[in-house]
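Peer 1: Sequence first, predicted model second:
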Amino acid sequence: MTIREPYAKTKPTQQDIAGSGRAKETDMSNDQANRVHWTFWLVAIFTLLWNLMGCMNFYMQMNPETLAAMPESHRAIAEARPLWATIGFALSVFGGALGAILLLRKSKLATFLFIISFVGVIVTMGHAATLIGSTVTFTASEVVLGVLSPIILAVFLVWYSKRCEQLGWIN
């Protein structure tokens, strides 16, 4: 009877070889799951820039001197905005900016913040829509850019972040 040393080099068995191959396949599939399509980065960066512009717009509308320099239709919305609509505006732009940062970090919390942002957009745009057709006239481009595009983008971001979760791009 021979005694084997505990650290003696032995030849690998078939099971060892097969097991190491499966580990490599798992590593590759995890690597592929963590890879995202290039459009993910495009959407995430665009979303961050869009919402940072919204944050700047929020601060400009809170500054009386900057607000005075805005066109009449923009001033009318900001000056007539009640507290609840201002809170909605803040939630929409700051929630969207944080959601975009979390999307860039591939965090599932981005979806939650995009939902909060969407609610804020609905509240804000609901108020703005009550002013359309009142004493202040809005051009078609102001209605599209100022009311419709934020709603469409907010709906898209909720959908997109949920889709990214399904694809395993964010976790």
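Peer 2: Now that the structure is in, tell me what you want to look at. Residues are numbered from 1 along each chain as shown.
Peer 1: Could you use CA atoms for every contact and neighbour count after this?
Peer 2: OK.
Peer 1: Could you point out the longest helix of this structure?
Peer 2: Across the chain, the longest stretch assigned as helix under DSSP state H is helix 38-62.
Peer 1: Distance from the chain centre to whichever helix or strand comes after it, please.
Peer 2: Elements were assigned by DSSP states H and E; along the chain past helix 38-62, the next helix or strand is helix 64-68. Centroid displacement of helix 64-68 relative to its chain, using C-alpha atoms, centre = their mean, to the nearest Å, is 30 Å.
Peer 1: now do stretch 53-66
Peer 2: Counting by C-alpha atoms, centre = their mean, stretch 53-66 comes out at 21 Å from the chain centroid.
Peer 1: ok, residues contacting that stretch?
Peer 2: Applying C-alpha atoms under 8 Å, 6 or more residues apart in numbering, the set of residues contacting stretch 53-66 from outside is 67, 78, 89, 90, 93, 94, 97.
Peer 1: Remind me which helix or strand the second one belongs to.
Peer 2: Of the helices and strands defined by DSSP H and E, residue 78 is found in helix 72-80.
Peer 1: ok, now which ones touch residue 164?
Peer 2: Counting by C-alpha under 8 Å, 6+ apart, residue 164 makes contact with residue 170.
Peer 1: Let me see the ranges of the helices in the chain.
Peer 2: Ranges of helices in the chain, per DSSP H, are 14-34, 38-62, 64-68, 72-80, 83-104, 109-131, 140-143, 149-167.
Peer 1: relative orientation of the fourth one and helix 38-62 in degrees?
Peer 2: With axes from the mean of the first three to the mean of the last three C-alpha atoms, to 10 degrees as the basis, helix 72-80 and helix 38-62 are set at 70 degrees to each other.
Peer 1: Alpha carbons of the helix holding residue 78, in PDB - could you do that?
Peer 2: Provided in PDB are the C-alpha atoms of helix 72-80 (Å, rounded to 0.1, in the frame of the first residue of the first chain):
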ATOM      1  CA  GLU A  72     -44.500  85.700 -21.900                       C
ATOM      2  CA  SER A  73     -45.900  82.200 -22.400                       C
ATOM      3  CA  HIS A  74     -43.100  80.700 -20.300                       C
ATOM      4  CA  ARG A  75     -43.500  83.300 -17.600                       C
ATOM      5  CA  ALA A  76     -47.200  82.700 -17.500                       C
ATOM      6  CA  ILE A  77     -46.800  79.000 -16.800                       C
ATOM      7  CA  ALA A  78     -44.100  79.600 -14.100                       C
ATOM      8  CA  GLU A  79     -45.900  82.500 -12.400                       C
ATOM      9  CA  ALA A  80     -49.300  80.700 -12.300                       C
END
